[in-house]
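# please find the sequence and the predicted model below.
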Amino acid sequence: MNQDISKLHKQHCKNIGAALLLTKEQLSTYLNQFPLWSLSTDEKTISRQFKFNNYDNTLHFVNAAAEIAKHENHHPYIEFSYNTCTIHYQTHSANGITLYDFICAAHIEQL
């Protein structure tokens, strides 16, 4: 795991204060650390698709992602089917991408 991602994984949304939008430079830096995550065309959401062997593995992942959301009090939009799950993060209160989104993405990467 990337060292910077590892540092984010140790953080929690509730401990960093207000959710402030990232600058374009900050966003670019974080996206470079998360090469499997993509930025939406409106630059307000980051997303990643995960593939699994079967429905049970997919559902296990979705439930683990939901636990992260509950613990961090930061809830993604989750789409899933038989062997695919896509996670979309956006900080709705800030109407864009904040450090919260990348903290949670780092936690998801640990799964």
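Received the coordinates, thanks.

# ok, residue 91 to residue 24 distance?
According to C-beta to C-beta, to the nearest Å, residue 91 stands 16 Å off from residue 24. Bear in mind the C-beta positions are built from the backbone N, C-alpha and C, glycine included.

# and if you look at residue 104?
21 Å.

# again, but for residue 86
24 Å.

# these two - which one has more neighbours?
A count of neighbours by other C-beta atoms under 10 Å puts residue 86 above the other of residue 86 and residue 24, at 14 against 9.

# for that one, helix, strand, or coil?
strand (DSSP: H, G, I helix; E, B strand; the rest coil).

# neighbours of the nearest residue to residue 71 once chain neighbours are set aside, how many?
Leaving aside its sequence neighbours, residue 71 sits nearest to residue 12 (C-beta to C-beta, 6 or more residues apart in numbering; 7.8 Å). Residue neighbour count, defined by other C-beta under 10 Å, stands at 15 for residue 12.

# wait, residue 12 touches residue 72, no?
Yes - the criterion here is C-beta atoms under 8 Å, and residue 12 meets it with residue 72 at 6.2 Å.

# what's the longest helix seen in the chain packed up against?
Longest helix in the chain, counting residues (DSSP state H): helix 55-72. In terms of contacts (3 or more C-beta pairs under 8 Å, 6 or more residues apart in numbering; DSSP states H and E), helix 55-72 is packed against strand 77-80, strand 84-89, helix 99-110.

# quick one, which of these is packed in tightest?
Burial of the helices and strands packed on helix 55-72 is given as mean neighbour count (mean count of other C-beta atoms under 10 Å); helix 99-110 ranks first at a mean of 22.

# give me the average confidence score over that helix.
When pLDDT is averaged over helix 99-110, the result is 96.
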